[in-house]
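K.L.:
coords below, sequence missing:
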């Protein structure tokens, strides 16, 4: 796991706004220091020099993580869809 930033606040839309120190990919899972899943990155916003991420919370008690450092789980390769030939 690598530290990627901290949670800024919970937006009215229900998404979490995260101030990033390192770039992440859309769809990446964000977690706390104990590897508990917190949110999933939906989109990157803001300037390239200081980006923010809009993330969908994966826990109901997201307010307790406000102001805390968060980490990104390592991304895994996407599974390729196996296509079968028709007979």
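P.N.:
The structure has been received and is ready for your questions. Note that the structure is a prediction, hence the values are computed from the model and not measured. Numbering: from 1, shown residues only.
K.L.:
partners of the lowest-mean-pLDDT helix or strand in the chain, with directions?
P.N.:
Within the chain, no helix or strand scores below strand 2-10, which has a mean of 86 by mean pLDDT, DSSP states H and E. According to DSSP bridges, strand 2-10 has the following sheet partners: strand 16-20 (antiparallel), strand 69-72 (antiparallel).
K.L.:
and residue 27, which of these is closest to it?
P.N.:
Among these, the nearest to residue 27 by CB to CB is strand 69-72 (11.2 Å). Yep, even glycine has a C-beta here, placed from its N, CA and C like the rest.
K.L.:
Average pLDDT for the helix or strand hosting residue 30, rounded please.
P.N.:
In the assignment (DSSP states H and E), residue 30 maps to strand 29-31. For strand 29-31, mean pLDDT rounds to 92.
K.L.:
Could you do stretch 64-82 as well?
P.N.:
For stretch 64-82, the per-residue pLDDT averages 75.
K.L.:
just to revisit the earlier point, if you count contacts, what does the strand holding residue 30 end up packed against?
P.N.:
Strand 29-31 sits against strand 37-45, strand 69-72, with contacts defined as 3 or more CB pairs under 8 Å, 6 or more residues apart in numbering; DSSP states H and E.
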